[in-house]
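>>> From the sequence below, what's the structure:
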Amino acid sequence: MRLYVYVLEAKDLPVKSSSYVKLQVGKFKSKTIVRNGSDPVWNEEFVFRVHDVGDELIVSIYDNDDDSGLFNVSGYLVSRVRIPVWTVGGEENQCLPPTWFALPKPKTGKYSKRNSGKILLTLSLHGRRDAAAIDQPLSALPSIRTCDSKLQKSPDLVSVNNSSPKTSSGKIPQGKKVVKAVANRLEKLLRKSGETSRSDESSDLSVSPSEYENCMEVGSPSSCSFEDAMDMMQSRDGEQEMPENLQGGVLLDQIYVVNSKDLNIFLFTPDSQFRRDFAGMQGINDMQEGPWMWKGDPPSLTRVVTYTKPATKLIKAVKAAEEQTYLKADNGEFAVLVSVDAPDVPYGNTFRVELLYKIMSGLELSSGEESSRLVISWGINFSQSTMMRGMIEGGARQGLKESFDLFGSLLAQSFKVLDTADSMGKNHVLAALQREHQSDWELATEYFGNLTVVSAVFLAFYVIAHVLLCKPHEPQGLEINGLHLPDSFGQLITCGILVLLLEHVYNMALHFIQARLYMGSDHGIKSQGDGWVVTVALVEAVNLPPLDTRGFSDPFVVLMCNGKTRTSSVQLQTCDPQWNEILEFDTSEELPSVLDVEVFDFDGPFDQAASLGHAEINFLKHTAAELADLWVPLQGKHAVSTQAKVHLRIFVENKNGVETIKDYLTKVEKEVGKKLNLRSPHKNSAFQKLFGLPPEEFLIKDYSCSLRRKLPLQGRLFLSARIVGFYANFFGHKTKFFFLWEDIEDIDVHSPSLASVGSPTLVIVLRKGKGVDASHGAKTMDEDGRLWFYFQSFIPFDVASRTIIALWRARTLSPEKKALITEEQLDQENQLLLHDIGSSLLIDDANMLKIYSTNLSVDINSLMKMFEGEHLERKVMAKSGCLGFITTQWEELKPYVCERQLSYKFNHNVSIFGGEVKSTQRKSPLEDEQGWVVDEVMALQDIPFSDHFRVHLRYHLQSLTSEACRCDVYLGILWLKDCKFQQRITKNINKKFAHRLKNIFELAKKEILLENDSSFQQCH
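Residues are numbered from 1 along each chain as shown. Prediction:
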């Protein structure tokens, strides 16, 4: 048996500050929390295990006064009541209604001469024989009674916490229901009798935990409503993560115009009409839904649904059971795992089918309506190995697909289904961001609204007013007419403070202006033309690492996609910036694969920016809905330590529909040399589901081949617009992986060998750190961390290898192809630059500054290879931070004078802006023919004030001996427009180019010497 004790309140206690109640039945002890005042209200519930009806409930009240003494840790005993358990058993239904117990005076102690007041208790005794007492209506309960009790001698009890091991933790739902009914009845009685508001509030607060415990009674049906049970789950789950989709794949992924909580209730509430309609459409009979029950540790809502599946041509009617368990119910997100057991089907004892329902809140629509996303995935757990595994999986996949196609069509009759554009709400999201974007005036007010600026302005006006009010005085001390000096140390200190404040304000203003003027030339550009468009809404960032002494940063973001960059504005003095900016990338025929995100700290237009963190977003690993609201954790030494994140909303659209895909295939056909046809929708859909790809991915080609690892594995190689994928199923053991075309560093063909069983091998080498998810398919990893994949047994091999190499080159834009495109662009752009270049080449030697000089232990001919566009120049320029280096051949303008054009980009380590360089070089021999003069005019683009100047470099290369030469480099700047930052820009350019030239020539010397050593060893 168990005794339920409900401690309600006490009246007229002789305590000064606070008190609490100790309870003891046999060896079990517990106590209430401490309450203030002489009329405390507890409303707490306790359960004790009772082995003998002769036991007593000992109720002791203690004073919790702070001066109770060092050794009297339990406080002073106010009074004690002993209640025999058999007196409760003698009541009707073994329930003692709310009863006032008079508290007798203690014979000794502090309160022996005072009235001790009274305490209100409710007691209920229940065991296995008392189930009939549960259904007693509230109206049958008697009113509050009063009884007197005499104090009995007993030694003081030691204070024990509720979490004591001796405290009985068992709970019986019948007793809790009676006590709960008593509590509700008591609440009504207290309201009728006009009790104080404090008592009512305390009662409300205290009853809630009891209701929570009653609803979450493990192993028993939930006594509260389904909606209340969901609230209990939310209070339990906290920040539990949403589970991943099951390995079998996604059966349904739709967005509906309905609140996520309403959709959850619609699908899983007891006696759901939708479930019964769905069962009727499938021909299911004898459907029985068990009650939702609390099971497990921690407890979760679980129920069992049984039904009879209709007979088919191959299988008779069978019984099945579903166990539905809530894994998550928190913040409008729900996850329900359904385990289906059908032992009567063939091999039914060897497996269980699992379904995962995920309901998530969607974006608010422009109409103000809420949306929710429903994702249903499936998987099979095999408890025993079987030769029929592949057949079982195939049959389950087909049956589930048909079933949930019907499920989706039925659900669409109740709620509106949104298409991709509506679900993401792009226009609504972008419009909201534009409204939230701060103006320059608001930013200035926030930036300059601090004590330093206010103090500086006030002191400056104060001094100016003082100067205007003062009268001229005769010079004294060391003063002369027109030169007045401070007359005291106070004036000197005041002047110093004013100068420091004004200098600080000036630096702040300059920094603010530079930050607002700093907008990369790519900022605010709208996409033009038709094709794939990537729109990125940069919302905010949180927890960015502070890099300055004030504990703040000045962050800005650089985004890169398909070789193009976009730069955000600078947010000043914040680690949690709010941008609310929209950045669009130019249209492209190629599907975008990856978006690179890097956050920098702004220190000035020409200073080296420090990276605050970086991230890479793979579009193939996220659905369109996920990209529409994505929090990206940043990587990097500083970002990881602060758990920095960036909030982005990314939208990928095709403005030209299927024509964009056809144009892309036409372009690829020129590389492949073979007609490529668009695959059927069914083939594309199967390919997308196989690798879990988004719907915009389309298949180009697939080949039967063998993957060579320790043992050859026969499968199929799939080639799409963005990936290379491999899939094999060897007697139920599946091997599946894919990697991006951009991840490939090199593709090579190895001749037939004994190891390849007489077949040529296609070797694909990935870049360092790429393709980690596909590492299980690689044959080896080299010392540089690159994965090597070996494919063979293509039929026919020549066509397959040529197609793969052509697709790779087309996707990654080889330097040769870039050169052809760039030559056409340069022919047009150089016509516009000829006037500027011609003027630049006429800069006087007197206006050029020598910024670098060195003697190199290499011959002049080897050094001139740095200007020939060959392997040496490309390698040195790549190592020095130049991206996409392209050059044309030297063309003779006149005897002994040649000219060529160059184009490349700086990476962000060389320039924080990642600017583009277009330059023209002219070379001519020295008069003594012992060297060369190379003049280079550089037009810098995509950096601040780039249209204001041109940079002119002159390389003076002279031979000293047959194995040594001298190199002097001069620099001049031709200003096309006036600029107040000329002096600072000139100084910055001289410094940066001096450092860059030193790096280039040291790399050139190293590569030349290595090449000479290699040639010498081959000769000997």
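>>> ok, and for stretch 380-388, which residues are buried?
residue 380 (16 or more other C-beta atoms under 10 Å). In short, each C-beta sits where N, CA and C put it, glycine included.
>>> Can you pull out the residues in contact with that stretch?
Residues from elsewhere that reach stretch 380-388 (C-beta atoms under 8 Å, 6 or more residues apart in numbering): 248, 346-347, 349-354, 389, 392-393, 396, 731.
>>> Could I have the buried ones of those as PyMOL selection syntax?
Buried members of these, defined by 16+ other C-beta under 10 Å, are picked up in PyMOL with:
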select buried, resi 248+350+351+352+353+354+389+392+393+396
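>>> Which pair of the contacts of stretch 380-388 spans the longest distance?
Using C-beta to C-beta, the contacts of stretch 380-388 span at most 22.6 Å, a distance reached by 354 and 731.
>>> Looks to me like residue 376 is in a strand.
Yes: when DSSP: H, G, I helix; E, B strand; the rest coil is applied, residue 376 is found to be in a strand.
>>> Let me see the contact set for it.
250, 251, 252, 253, 355, 356, 357, 358, 404, 407.
>>> Cross the contacts of stretch 380-388 against strands and list the overlap.
351, 352, 353, 354 (DSSP state E).
>>> which among those residues gets closest to residue 851?
Using C-beta to C-beta, residue 354 is the member of those that lies nearest residue 851, at 69.2 Å.
>>> does that closest one really touch residue 338, like I thought?
Yes: counting by C-beta atoms under 8 Å, residue 354 touches residue 338, with 6.8 Å between them.
>>> quick revisit: and the contacts of stretch 380-388 as JSON lines, adding pLDDT and distance to residue 981?
Converted to JSON lines, the contacts of stretch 380-388 look like this (pLDDT from 0 to 100; distance: C-beta to C-beta, whole Å):
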{"residue": "248", "pLDDT": "81", "distance to residue 981": "62"}
{"residue": "346", "pLDDT": "82", "distance to residue 981": "81"}
{"residue": "347", "pLDDT": "82", "distance to residue 981": "78"}
{"residue": "349", "pLDDT": "85", "distance to residue 981": "80"}
{"residue": "350", "pLDDT": "88", "distance to residue 981": "77"}
{"residue": "351", "pLDDT": "89", "distance to residue 981": "73"}
{"residue": "352", "pLDDT": "90", "distance to residue 981": "71"}
{"residue": "353", "pLDDT": "92", "distance to residue 981": "69"}
{"residue": "354", "pLDDT": "93", "distance to residue 981": "65"}
{"residue": "389", "pLDDT": "79", "distance to residue 981": "71"}
{"residue": "392", "pLDDT": "84", "distance to residue 981": "73"}
{"residue": "393", "pLDDT": "83", "distance to residue 981": "68"}
{"residue": "396", "pLDDT": "86", "distance to residue 981": "70"}
{"residue": "731", "pLDDT": "82", "distance to residue 981": "71"}
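>>> returning to that earlier point: which member of the ones in strands among the contacts of stretch 380-388 is positioned nearest residue 599?
Closest approach to residue 599 among these (C-beta to C-beta): residue 354, at 40.5 Å.
>>> can you pull up the bridge partners for the closest one?
residue 339, residue 379 (DSSP bridges).
>>> Longest helix in the protein, please.
helix 982-1019 (DSSP state H).
>>> Who are the packing partners of that one?
strand 849-856, helix 860-864, helix 871-879, strand 949-961, strand 964-975 (3 or more C-beta pairs under 8 Å, 6 or more residues apart in numbering; DSSP states H and E).
>>> Just the buried positions in it, please.
So, applying 16+ other C-beta under 10 Å, buried residues of helix 982-1019: 985-986, 989, 993-994, 996-997, 1000-1001, 1003-1005, 1007-1008.
>>> now do stretch 33-53
Under 16+ other C-beta under 10 Å, the buried positions of stretch 33-53 are 35, 39-50.
>>> now swap in stretch 627-636 and tell me
Using 16+ other C-beta under 10 Å as the test for burial, stretch 627-636 gives 627, 628, 629, 630, 632, 634, 636.
>>> wait, the second one sits on residue 649?
To tie it back to what came earlier, the one meant is residue 628. Yes: judged on C-beta under 8 Å, residue 628 makes contact with residue 649 at a distance of 5.6 Å.
>>> how about residue 727, secondary structure?
Strictly by three-state DSSP, residue 727 counts as strand.
>>> Give me the distance between the nearest residue to it once chain neighbours are set aside and residue 715.
Excluding the flanking residues, the one nearest residue 727 by C-beta to C-beta, 6 or more residues apart in numbering is residue 736, at 5.0 Å. In this view, residue 736 and residue 715 are 9 Å apart by C-beta to C-beta, to the nearest Å.
>>> how far out from the middle of the chain is the helix or strand hosting residue 100?
Assigned by DSSP states H and E, residue 100 falls within strand 95-102. Here strand 95-102 is found 57 Å from its chain centre; the criterion is C-alpha atoms, centre = their mean, to the nearest Å.
>>> For the protein, which element, helix or strand, carries the lowest mean pLDDT?
Across the helices and strands of the chain, mean confidence by mean pLDDT, DSSP states H and E is lowest for helix 197-215: a mean of 39.
>>> quick one: low-confidence ranges for the stretch 501-650 of the chain?
511, 513-529, 549, 587, 603-609 (pLDDT under 70).
>>> now the helices: where do they sit in it?
Ranges of helices within the stretch 501-650 of the chain are 624-627, 637-642, based on DSSP state H, counting those that start in this stretch.
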